[in-house]
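[1] Next come a sequence and a model predicted from it.
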Amino acid sequence: MADRVTVIGWDGSPLTDAGRSALAAATLVAGAAHHLELPEVPRDAERIRLGSVDLAARRIARHRGSAVVLADGDPGFFGVVRSLRAPEHGLEVEAVPAVSSVAAAFARAGMPWDDAQVVVAHSRTLRRAVNVCRAHTKVAVLTSPGAGPSELALLLEGVHRTFVICEALGTRAEQVTVVTSDKAGEHTWRDPNVVIVLGGSGPQPQGNPATGWIAGRDPGYPPAVRGWGRPGAAYGADPGPRESAELRAAQLARLGPRVGDLVWDIGSGSGAAAVEAGRFGAAVIAVDADADACARTTAAARRYGIQLQVVHGAAPQVLEDLPEPDVVRVGAGGLPVVAACAARRPERIVAHARTRDEAEAIGRQLAESGYAVECALLQSVELDTTTWAESERTVVFLLSGSRTH
């Protein structure tokens, strides 16, 4: 029985000596249809169309002979190597890599990619891939059927991005197309493809998109500042007592925003919480009924180079058309907004209250909605370090809910 498999990457160029040697000795070859048509595949070898990697791995493990898996690009970079090495298969894997499809895509675009985020989009993970595209100015998306450029564009509605769509890289059918995200759904795209997603509020790539060639400055962020839970003045506006730095830091600690998450920040105020959530790499939609607060949030995001979407409107009504959140900070709106957010089933919700009665009401609502509830009474005191006298005292109930089912 086979306990060893050689995985050969193919990027459209001739196979390496090591790849040809391994393939020539193979008695079983697995790969996509275009891999199995390669002239180097032995005629008498058993052939497996690579759909489910787990099924293929089980057949390889039972095979008596030399097994080879053909894959696009670098099979160790978001490729089949991880699945084949799963403990349940018991396979020892040797990889012969080629140029990864992501490296090839950026090469076609004439752009560096050391500052890019790379994500894989399947139908079950598409939303998280979209959230990375919301939060970052340069993202490579390895797509799959049902989670391609058109589906990306649909979920990015309202967020303008430029797509560099690289189809069938390394084959005679290779094509590179540049379109704005709102136009991507008007085309039919061939698999496999890689989508480079560019844009946001930072510097944009130079060049004429109509040529299909992008070169020049990289989009990106200003140098990151150190620390979080920074004073409200760092965001260009007095946030008021509802947004004390200490409360904000405690809220963010309980939310735990991550890359791939979508954060709702309802009652964004100065924009401090929205910006700090974005600095963790999460996508953020900041909501406020006050147009001035929306302007402050936008200005704070630009100051720190954070990509976020600002929505002007009154919650809970304005929340109905927003994409599904992973975590929610309720900075304003109280019980009705907490109830509306809980109905959308995010993993975590944080809110605050000024009185015990209000805190108990919010806690009951979260518990009845299927959340495990924690509450803490926070007191923060600012001191004038010249005289060490108390300058401001804030007392607030902090509530957090974690979804239990």
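    Cool, the structure landed. Numbers count the residues shown, from 1 in each chain.
[2] where does the stretch 151-300 of the chain dip in pLDDT?
    Low-confidence segments of the stretch 151-300 of the chain, defined by pLDDT under 70, span residues 201-224, 237-243.
[3] Check for me that Asp54 belongs to a helix.
    Yes: secondary structure of Asp54 (DSSP: H, G, I helix; E, B strand; the rest coil): part of a helix.
[4] what residues are up against it?
    With contacts defined as Cβ atoms under 8 Å, 6 or more residues apart in numbering, the neighbours of Asp54 are Ser83, Ala86, His89. For the C-beta atoms, the positions are set from N, CA and C on the backbone; glycine is no exception.
[5] List buried residues within those residues.
    Buried by 16 or more other Cβ atoms under 10 Å: Ser83, His89, out of the contacts of Asp54.
[6] From the contacts of Asp54, which land in strands?
    When the contacts of Asp54 are checked against strands (DSSP state E), there are no matches.
[7] Give me the pLDDT value at the residue most central in space within the chain.
    With distances taken as Cα atoms, centre = their mean, Val132 lies nearest the centre of the chain, 2.5 Å away. The score at Val132 is 96. That number is its pLDDT.
[8] Would you confirm that it contacts Ala140?
    No: shown here, Val132 and Ala140 do not form a contact pair, counting by Cβ atoms under 8 Å, at 10.0 Å.
[9] hey, what's in contact with both of the two?
    The overlap between the contact sets of Val132 and Ala140 (Cβ under 8 Å, 6+ apart) consists of Gln117, Val119.
[10] OK, contacts around Pro75?
    By Cβ under 8 Å, 6+ apart, the contact list for Pro75 reads Val7, Ile8, Gly9, Val69, Val81, Ala95, Pro97.
[11] Just give the nearest non-adjacent residue to the residue nearest to the centre of the chain, would you?
    Leaving aside its sequence neighbours, Val132 sits nearest to Val119 (Cβ to Cβ, 6 or more residues apart in numbering; 5.0 Å).
[12] those helices in the stretch 1-150 of the chain, which residues are they?
    With DSSP state H, counting those that start in this stretch as the criterion, the stretch 1-150 of the chain has helices at 17-24, 33-36, 53-62, 81-84, 101-109, 126-135, 149-155.
[13] on that earlier part again, from Val194, how far out is the residue nearest to Val132?
    Using Cβ to Cβ, to the nearest Å, one gets 11 Å for the distance from Val119 to Val194.
[14] Overlap of the contact sets of these two?
    Common neighbours of Val119 and Val194 (criterion: Cβ under 8 Å, 6+ apart): Ala140, Val141, Leu142.
[15] Report the beta-bridge partners for the first one.
    Bridge pairing for Ala140 (DSSP bridges) gives the partners Val118, Ile196.
[16] From what I see, it and Val119 are in contact.
    Yes: contact status for Ala140 versus Val119: in contact at 7.5 Å, counting by Cβ under 8 Å.
[17] buried ones in stretch 64-73?
    Applying a neighbour-count criterion of 16+ other Cβ under 10 Å, the buried positions in stretch 64-73 are Ser66, Ala67, Val68, Val69, Leu70, Ala71, Asp72, Gly73.
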